[in-house]
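1. Mind looking at a prediction? Sequence and model below.
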Amino acid sequence: MTSVIISFQVNLILSYSENNLLPTQDGLSEIARRNEASASEMLRVVLGFAWGLASFVIISGFLGYGTRLSLYLAIGWWTFTGVPLLFWQKLSTLDKKLLCLAILALLTVRWGYSWLISPPQEAMTGLVLGLLYVPVIMTITTILFSGRSRLICVSMGVMMGMIAIFGSSREALAISFLNDWRLGPLVFCVFALYAWLLSNWIREREQLETTTQQAQGLAVAANTDALTGVFNRRAVADFLEQNALSRRQCGVIFLDLDHFKLVNDTYGHDTGDSVLAQVADILHLRTREGDFVARWGGEEFIVIVTNVSAHQTTDIAEYLRGHIEQATYHGVPRLTASFGVAHTLSGAQLQGAINRADQALYQAKANGRNRVVSD
């Protein structure tokens, strides 16, 4: 009976929480945030369920069903679960962790009372409540406490198992067939195994997160220009592959900084690197979020804009040219750029548009630089 209940609950809860794996690289990992959010929501649902069940017992008690003791216990449980729900939005993660520990402590007390003290007619109710609630709260505790969860949950298993061992010696429970000494070790072993499986699951999720973050970091580094922070030429190839079947209109803008070798020779390569980074910032900030900006190589950049007409592409290029010319650079009095523009009706023709934009760029330089030329 115990193993069936636990198996059902762990499958239900773990499948609910498994949908929340989104790694990131900030301080507290996103998977930890999602785990806490999942555990918090599960705890709120469990408290709501417990409050509703206690309300049902209270109403039935006033109608004459059950014992007076069960009514008093239900009123206490109704109050204990209702107060956190009332102030749920104000509870911190620490508050919810302490709440989990408090619930586990109360369930242990209720479990001990059912085995050691309560009348036989009350014992079965307390034992069923323990078997229903404890695995769920242990799961939530495991998610919230992560590394310390194994100690907490194994301790719960030990206490519940020892209580069951001592309680099974009560002759008063023979009428409910609970006076079997084997029940205690069974409870201990099942809950200890449950705690071990849960803690392993948490550790494996964290290892998966670390591996995923490392892979994402390598992918980002491989497609990012280290100097400017925008995409590199390798990323352009990936972009073309990803958009090969796209039916969106695309505009390709090639630009080359005018006389940039003179900047390096006159002001030094450190200043030249600073200028390149500033130009990349201008391109990034002056384009839309979905547009693609990359450093093609040296002082050349490429911008790919989507869902635009040929005329709009030329206007965007002119807009960027003006901002580059008007910007103030560290140690460089003036900087201009030449632009080549091409347009395509679908992603499949992007490579051809890049070639045409490159030719238009050479034409812009031949025509005097600091201008936009369309193919």
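-> Received the coordinates, thanks. Numbers count the residues shown, from 1 in each chain.
2. which stretches of this structure have low pLDDT?
-> 1-31, 120-121, 146-150, 169, 171-188, 191, 195 (pLDDT under 70).
3. How is it partitioned into domains?
-> Here the domain parsing of the chain from automatic domain parsing is 2-220, 233-374.
4. Would you mind pulling up the elements that the strand or helix carrying residue 265 packs against?
-> Assigned by DSSP states H and E, residue 265 belongs to helix 260-267. Here helix 260-267 touches helix 269-285, going by 3 or more CB pairs under 8 Å, 6 or more residues apart in numbering; DSSP states H and E. In this view, the C-beta of every residue, glycine as well, is placed from N, C-alpha and C.
5. What is the helix it packs on packed up against?
-> Secondary-structure packing of helix 269-285 (3+ CB pairs under 8 Å, 6+ apart): strand 250-257, helix 260-267, strand 292-297, strand 300-306, helix 310-326.
6. how many degrees apart are the fourth one and helix 260-267 in direction?
-> In other words, strand 300-306. Angle of strand 300-306 versus helix 260-267, following axes from the mean of the first three to the mean of the last three CA atoms, to 10 degrees, is 130 degrees.
7. What residues does residue 225 make contact with?
-> Contact analysis of residue 225 by CB atoms under 8 Å, 6 or more residues apart in numbering lists 231-232, 280, 294-295.
8. In ChimeraX, how would I select just the buried ones from the residues you listed?
-> Those of those that count as buried under 16 or more other CB atoms under 10 Å are selected in ChimeraX with:
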select :231,232,280,294,295
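9. secondary structure class for the nearest residue to residue 350 once chain neighbours are set aside?
-> Nearest residue to residue 350 in three dimensions, chain neighbours excluded: residue 240, at 5.3 Å (CB to CB, 6 or more residues apart in numbering). Here residue 240 is helix, with the state taken from DSSP: H, G, I helix; E, B strand; the rest coil.
10. Residue 240 - how many residues pack around it?
-> Residues lying near residue 240 (other CB atoms under 10 Å) number 15.
11. likewise residue 189?
-> For residue 189, using other CB under 10 Å, the count is 14.
12. heads up, I number from 46, so please use that
-> Sounds good: first residue 46 from here, last item residue 234.
13. and it, how far is that from residue 206?
-> Separation of residue 234 from residue 206 (CB to CB, to the nearest Å): 8 Å.
14. Same check on residue 266?
-> Distance of residue 266 to residue 206, given as CB to CB: 51 Å.
15. With residue 156 instead?
-> In terms of CB to CB, residue 156 sits 10 Å off from residue 206.
16. Just want to know which of these two has more residues nearby.
-> residue 156 (24 against 19).
17. helix or strand for the more buried one, which one?
-> Using DSSP H and E, residue 156 maps to helix 138-161.
18. tell me which residues of that helix are tucked away?
-> Quick answer for helix 138-161 (16+ other CB under 10 Å): 141-142, 144-145, 148-149, 152-153, 155-160.
19. Next SSE downstream of that helix?
-> Helices and strands here follow DSSP H and E; after helix 138-161, the next one along the chain is helix 165-190.
20. Tell me the helices and strands packed up against that next one.
-> Looks like helix 165-190 contacts helix 47-62, helix 75-107, helix 113-131, helix 138-161, helix 194-212, helix 228-267 (3+ CB pairs under 8 Å, 6+ apart).
21. Highest mean neighbour count across these, which stretch is it?
-> Per residue and on average, the most neighbours among those fall to helix 194-212, with a mean of 20 (mean count of other CB atoms under 10 Å).
22. for that helix, packing partners?
-> Identification of packing neighbours for helix 194-212 by 3+ CB pairs under 8 Å, 6+ apart yields helix 138-161, helix 165-190, helix 228-267.
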